[in-house]
Structure formats: structure tokens, C-alpha cells
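**Q** Curious how this folds, go ahead:
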Amino acid sequence: MAYSKACYKLITTITILLLYFTFASLAENVDVSECRAESGDPSCHNNKEAKKLKMIAIPSILVASMIGVSLQFLSRYIPALGPDRVIFGIIKTLTSGVILATAFMHVLPDSFDDLTSKCLPEEPWRKFPFTTFIAMNLSFLVPMIALVHLQEKMSKVAGVVVSVVFGLTMGASDNQCTIRSLIAAFCFHELAEGMRLGGPILHAEFKSKMNWKMVLSFPVTMQFGIALGMQIQKIYGETSPTSPTALILMGMLNACSAGLLIDLALVNLLAHELYGPKIQGNMKLHVLGYVATFIGAAGMSLMAKWA
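**A** The predicted structure is shown next:
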């Protein structure tokens, strides 16, 4: 309950900051005509294509989660697919590379573009690095709260909050290039998460219903976030994508998502796997883990050029 309250306070604080800076910015007189041309890569900003990708994202993430769980049922016949096997660790480290590159190569640059746009007043937007400030705080705030509240059930609330923020970011965006990368990152994440939770479901170590709820919590709550984000985008983004309101909302959502993705990749996946008992002391597995991380990051980095 305490952790739930902490997450609620976090969301409330972010919302208040978004509203404050939005209305403070709208109070300034900005000549929007000067910044029409400066809206990023025009081939990426396509509202129709972005909507199609959002519709694809919803079932894709759910299917990836189900595949992860199903692999654990197959482990009865193919032991190599078990959660205590090497292949599971490699998938997790590969996923961490994909998610990390998504944060640094796709989401953060979009936030920089939005929050330093000439459509926004110079004070405070181009005088202070809001993107890195927000991402930095989000990347350590969630694990800091988790350290205070170590209970397993309480820690699941964080996953719900994070998935809603991710969904909001995807739903409110009209950048099809970023949405593609987010779909790939979240599908990899859900595949690994499904594999992790499939083991307890299979062996009934905990209540089966509880584990199924954990499996479905990320994609289902993310669908809610995407739907909410699409409504926000309909209000602000479709009418004027370069308006101060739209730029600040998207810039801050992207910065929040980038910070959370960095935490997810480095703390929840990479550190947990590379410093776990399975890999500690095994140089071969360490090297395999780093290679998998590099491949995942390299693949998503190439997408930044060609997506």
C-alpha cells in the first residue's frame, strides 16, 4: 500500500509539472510561423501511419508475452527453453541492449527536438536541459522507491505505472520511426517477462492466477496508456503538432520514458542477469551476455538510421 501511494505521488508530481510548464509556456508570445520547418524528419511525422502502428502495437505486445509464457510450457519437452537455462539469460541480455538503444537512439533525441524547439520560448526551454534532467531523475527514482519497499507484491505496482507511461508516450506520438522502435523494445521485454513468469505458472510455485495477472499487467495497462495517449494526441497534436502544448507534452513524456527504459535495461535486466549466480564466475557466459547486449543495441541503433 505504501508503495502504491508513492507511485501515485510520483504520477501526480509529473502531471503537475507538465501542466505548470505547459501553461507557463503558453503565456509567452511565440511566433509559430518561424518554427514550422523545424519539426524533425518530416518522413517520420505521419499521423495516419502512426495510428496504424499503434493498432499493431496492442496485439503484438500481448502476443509476445504469450509466446514467452508458452516457451516455458514447451520446456517440459525441450529443457533448453527453461528459465534456468543459458538461452533465457541470453534473451534477457539481448533485450537489455534493445531497450537501452531505444532509450538513447530513438526516444531521447525526440525529447531533445521537442523541448529545444524554436516554437518554445527561449526561457526556460533552451536555457536548461530538461530532457536529461527528467530522464536522469526517473532512471534512479523508481529503483530508489523500490529499495525502500522491497515487498514482492508492492514492487508490481511500479510495473503498472511504468507501462502506463510507456503507453502514453506511444499513444501521444505521431513519430512513426520512434513508435516502430518502441514496439520492438516492448515486444522483446514482454518475451523475456513472459519467460520469467512462465516458470512459476508452470510449476505452480505461487498462485497461478497471480502469475497470470503479472504476465498480463504490462500489455493490458500499456493498452490503457496507448488509448489515453491517443486521446491526448487527438486534442493537442492533430490540431497543431508544433504548438507549445503539444511539444512540451511529448517532450516530457519522451524524457520520462527514456529514463524508465534506461532503468529497465540496466537495473532490471542487465545487472540482474550479469551479476546473478548463474553467470558469476563463468567467463564464457559473461562474454556471451555482453555480445548479446551489443547485438541488441547495435540492431536498434541501425534502426535509428533506417527506420
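**Q** and Asp110, what element?
**A** Assigning secondary structure by DSSP states H and E places Asp110 in helix 108-115.
**Q** Name the next helix or strand following that helix along the chain.
**A** helix 122-125.
**Q** Rounded mean pLDDT for that following helix, please.
**A** Model confidence over helix 122-125 averages 82 on the pLDDT scale.
**Q** where does the stretch 151-300 of the chain have low pLDDT?
**A** In the predicted model of the stretch 151-300 of the chain, residues 151-160, 197-218, 236-241 satisfy pLDDT under 70.
**Q** That one: helices as residue ranges?
**A** With DSSP state H, counting those that start in this stretch as the criterion, the stretch 151-300 of the chain has helices at 152-172, 176-203, 208-232, 244-263, 272-274, 283-306.
**Q** would you turn these into TSV with mean neighbour count and distance to Ala57?
**A** From N, CA and C alone the C-beta is placed, and that goes for glycine too. TSV is the format used below for the helices of the stretch 151-300 of the chain (neighbours: other Cβ atoms under 10 Å; distance: least, Cβ to Cβ, whole Å):
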stretch	mean neighbour count	distance to Ala57
helix 152-172	21	6
helix 176-203	23	5
helix 208-232	18	7
helix 244-263	26	14
helix 272-274	18	26
helix 283-306	16	15
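**Q** sorry, back to before: for the helix holding Asp110, name the packing helices and strands.
**A** In terms of contact count using 3 or more Cβ pairs under 8 Å, 6 or more residues apart in numbering; DSSP states H and E, helix 108-115 is assigned the packing partners helix 130-148, helix 244-263.
**Q** Could you dump the ones you listed into a markdown table with distance to Gly299 added?
**A** Listed next are those as a markdown table, based on distance: least, Cβ to Cβ, whole Å:
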| stretch | distance to Gly299 |
| --- | --- |
| helix 130-148 | 22 |
| helix 244-263 | 16 |
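**Q** Out of those, the one nearest Leu168 is which?
**A** Nearest to Leu168 among the helices and strands packed on helix 108-115 is helix 244-263 (5.7 Å), distances taken as Cβ to Cβ.
**Q** CA atoms only for the closest one, dumped as PDB, please.
**A** Output in PDB follows, covering the C-alpha atoms of helix 244-263 (Å, rounded to 0.1, in the frame of the first residue of the first chain):
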ATOM      1  CA  PRO A 244       3.900  24.700 -27.300                       C
ATOM      2  CA  THR A 245       1.400  22.500 -25.500                       C
ATOM      3  CA  ALA A 246       2.000  19.500 -27.900                       C
ATOM      4  CA  LEU A 247       5.800  19.900 -27.900                       C
ATOM      5  CA  ILE A 248       6.000  20.100 -24.100                       C
ATOM      6  CA  LEU A 249       3.700  17.200 -23.500                       C
ATOM      7  CA  MET A 250       5.500  14.900 -26.000                       C
ATOM      8  CA  GLY A 251       9.000  16.100 -24.900                       C
ATOM      9  CA  MET A 252       8.300  15.400 -21.300                       C
ATOM     10  CA  LEU A 253       6.700  12.100 -22.000                       C
ATOM     11  CA  ASN A 254       9.600  11.000 -24.100                       C
ATOM     12  CA  ALA A 255      12.100  12.100 -21.400                       C
ATOM     13  CA  CYS A 256      10.200  10.200 -18.700                       C
ATOM     14  CA  SER A 257      10.100   7.100 -21.000                       C
ATOM     15  CA  ALA A 258      13.800   7.300 -21.700                       C
ATOM     16  CA  GLY A 259      14.700   7.400 -18.000                       C
ATOM     17  CA  LEU A 260      12.400   4.500 -17.300                       C
ATOM     18  CA  LEU A 261      13.800   2.500 -20.300                       C
ATOM     19  CA  ILE A 262      17.400   3.100 -19.000                       C
ATOM     20  CA  ASP A 263      16.400   1.800 -15.600                       C
END
